[in-house]
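Undergrad: Just a sequence and a predicted model for now, questions to come.
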There are 2 protein chains.
Amino acid sequence: MKRAAVVLVSGGLDSATTLAIARAQGFACHGLTFDYGQRHVVELRAAQAVCRSLHIAPPRVLKLDLRAIGGSALTADIAVPKDRHAREGHDVPVTYVPARNTVFLACALGYAEVLGAADIFLGVNAVDYSGYPDCRPGFVAAFEALANLATRAGVEGSHLRVHAPLMHLSKGQIIRQGVALGVDYSLTHSCYDPVGELACGHCDSCRIRAAGFAEAGVPDPTRYAKA
Amino acid sequence: MKRAAVVLVSGGLDSATTLAIARAQGFACHGLTFDYGQRHVVELRAAQAVCRSLHIAPPRVLKLDLRAIGGSALTADIAVPKDRHAREGHDVPVTYVPARNTVFLACALGYAEVLGAADIFLGVNAVDYSGYPDCRPGFVAAFEALANLATRAGVEGSHLRVHAPLMHLSKGQIIRQGVALGVDYSLTHSCYDPVGELACGHCDSCRIRAAGFAEAGVPDPTRYAKA
């Protein structure tokens, strides 16, 4: 029998690729996604479409209203910055959602316990990223250490693993790997500030994504809003 | 100006005492509580009453539907065990909510970031507890390590602390400390399976609580349902 894994899926390019990698490694994948009051709720539909196209059951959707604590351009009434230079300085951008990956991994850990799964996948990346603190290798290692103290598994002696297979890949490398594994990137959604279902083309996420397709030499299937 | 702290409050005896301790240490306390689909939603009203009696603003309530992942007698359709011997063997009981404290601390971390607070308090206890893995000292230390990698604070060089002032106290010691700090335990709610607002008197939580009042030599103000 295949081993079960929980895969955090957002509907974006990175998590779609991560899901395809987990599946290719032979895991029975259980997607988990969040309805957290984000501006880009179109993500949820994308997460479902990505799972369907990879023949994986629809992701479990966990409601968590992070607007109750606010503090980010993605969940509060703060403008999403446009056309800034990628990785400008070392500051954390306003699109950072406080402790988001910590919260998402904590919920994934709970779901893994319920399923009896010892593996969690997430699509964080330390190369072409937006400067978020919770996308770094040390963060993932620290969460894995925590997970093994926090759970029945820790008590009962099995070992939980947190996989971040994209960590050291460039966006172009991620896209080439995903294409090889059959990911249909036209189904994915990355924009922080979409116009209906169309990408804005100017936020950090759109800019990093577009540069990735250019680097990979793969036609960009993203549908952009007119400028 | 007082330093801000986030205090996880559940409406129970331990978190009420923790809140009184944080206040006595001079922190400006910001309560955070969860509506997570628990059976004992009467907890939420207790959390508000406890804050009011300690002259602290009502807690922020975060909705998080853990029923979407299930797996616990507190959130799924599994019976709450009654009259079992406290700390029977070393097994994790069915009232354990998978990864609950990890999820709660992750959300507290996000709220702390929004507030600019560097201190988080939670009322876990490793002495008179129900055998939950996420109530142990190593868990709290691992979360603090994670917190300092997960956040802006970690990037910007300040240090986040996770305080668990009850960790090494017996239930009787907790109650004596709370009484000294003015906690009104009649406002708190501990029962996992209440009858209306009345405690069942037979679940692990009721039994540990009753033994604590006996140990402390303090009259038990709990209102119990008739057997």
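TA: Nice, thanks for sending it over. Residues are numbered from 1 along each chain as shown, chains lettered A, B, ... in the order given.
Undergrad: Low-confidence stretches in chain A?
TA: Within chain A, the stretches with pLDDT under 70 are A:38-40, A:70-97, A:128-131, A:153-157, A:227.
Undergrad: Scan it for its longest helix.
TA: helix A:100-115 (DSSP state H).
Undergrad: CA atoms of that one as PDB?
TA: What follows is helix A:100-115, C-alpha atoms only, in PDB (Å, rounded to 0.1, in the frame of the first residue of the first chain):
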ATOM      1  CA  ARG A 100       1.200  31.800   7.800                       C
ATOM      2  CA  ASN A 101       3.400  28.800   7.000                       C
ATOM      3  CA  THR A 102       3.700  28.000  10.700                       C
ATOM      4  CA  VAL A 103      -0.100  28.000  10.900                       C
ATOM      5  CA  PHE A 104      -0.500  26.000   7.700                       C
ATOM      6  CA  LEU A 105       2.100  23.400   8.700                       C
ATOM      7  CA  ALA A 106       0.600  23.100  12.200                       C
ATOM      8  CA  CYS A 107      -2.800  22.200  10.600                       C
ATOM      9  CA  ALA A 108      -1.100  19.800   8.100                       C
ATOM     10  CA  LEU A 109       0.500  18.200  11.200                       C
ATOM     11  CA  GLY A 110      -2.900  17.700  12.700                       C
ATOM     12  CA  TYR A 111      -4.300  16.300   9.500                       C
ATOM     13  CA  ALA A 112      -1.300  13.900   9.100                       C
ATOM     14  CA  GLU A 113      -1.900  12.600  12.600                       C
ATOM     15  CA  VAL A 114      -5.600  11.900  11.800                       C
ATOM     16  CA  LEU A 115      -4.600  10.100   8.600                       C
END
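Undergrad: which strands and helices sit next to it?
TA: Judged by 3 or more CB pairs under 8 Å, 6 or more residues apart in numbering or on different chains; DSSP states H and E, the packing partners of helix A:100-115 are strand A:4-8, strand A:28-35, strand A:119-121, helix A:137-150, helix B:100-115, helix B:137-150. (Glycine included, C-beta is placed from N, CA and C.)
Undergrad: hmm, try it at 6 Å
TA: On a contact count with 3 or more CB pairs under 6 Å, 6 or more residues apart in numbering or on different chains; DSSP states H and E, helix A:100-115 meets strand A:4-8, helix B:100-115.
Undergrad: And the longest one, how far out from the chain middle?
TA: Distance, stretch centre to chain centre, for helix B:100-115: 13 Å (CA atoms, centre = their mean, to the nearest Å).
Undergrad: Quick one: the helices and strands packed on helix A:100-115 as TSV, columns for mean neighbour count and distance to B:A164 too.
TA: Listed next are the helices and strands packed on helix A:100-115 as TSV, based on neighbours: other CB atoms under 10 Å in any protein chain shown; distance: least, CB to CB, whole Å:
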stretch	mean neighbour count	distance to B:A164
strand A:4-8	25	28
helix B:100-115	25	10
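Undergrad: which bits of chain A sit near chain B?
TA: Residues of chain A lying close to chain B by CB under 6 Å from any CB of the partner chain are A:60, A:62-65, A:68-71, A:92, A:98-99, A:102-103, A:106-107, A:109-111, A:113-114, A:133-134, A:138-139, A:142-143, A:145-146, A:149-152, A:154-155.
Undergrad: Apply the buried test to those and list what passes.
TA: Neighbour-count burial (16 or more other CB atoms under 10 Å in any protein chain shown) applied to the residues of chain A next to chain B gives A:60, A:62, A:64-65, A:68-71, A:92, A:98-99, A:102-103, A:106-107, A:109-111, A:113-114, A:133-134, A:139, A:142-143, A:145-146, A:149-152, A:154-155.
Undergrad: picking up where we left off before, now the angle between helix B:100-115 and the longest helix of chain A, please.
TA: Interaxial angle, helix A:100-115 versus helix B:100-115 (axes from the mean of the first three to the mean of the last three CA atoms, to 10 degrees): 170 degrees.
Undergrad: what helix or strand does the closest residue to A:D220 other than its chain neighbours sit in?
TA: Nearest residue to A:D220, sequence neighbours excluded (CB to CB, 6 or more residues apart in numbering or on different chains): A:F213, at 3.9 Å. If you go by DSSP states H and E, A:F213 is part of helix A:204-216.
Undergrad: do A:A57 as well
TA: A:A57 belongs to no helix or strand, assigned by DSSP H and E.
Undergrad: Could you check how far it is from A:E43?
TA: Distance, A:A57 to A:E43, by CB to CB, to the nearest Å: 18 Å.
Undergrad: One more: A:L146?
TA: A:L146 is 26 Å from A:E43, by CB to CB.
Undergrad: Check A:P58 too.
TA: For A:P58 relative to A:E43 (CB to CB), the value is 14 Å.
Undergrad: Of those two, which one has the most company?
TA: A:E43 (25 against 13; other CB atoms under 10 Å in any protein chain shown).
Undergrad: ok, that one touching A:L13?
TA: No - under the criterion of CB atoms under 6 Å, A:E43 makes no contact with A:L13, lying 11.4 Å away.
Undergrad: which of the residues in stretch A:42-49 are buried?
TA: A:42-44, A:46-49.
Undergrad: what does stretch A:198-205 give?
TA: Quick answer for stretch A:198-205 (16+ other CB under 10 Å): A:199-205.
Undergrad: try stretch A:220-227
TA: Result for stretch A:220-227 [16+ other CB under 10 Å]: buried residues A:220, A:222, A:224.
Undergrad: Run through the bridge partners of the last one.
TA: Applying DSSP bridges to A:Y224 gives these bridge partners: A:A199.
Undergrad: picking that back up, and the buried residues of stretch A:42-49, which is closest to chain B?
TA: A:L44 (13.5 Å; CB to the nearest CB).
Undergrad: quick one, phi psi at that closest one?
TA: Dihedral angles of A:L44 (phi, psi; degrees, to the nearest 10) stand at phi -60, psi -40.
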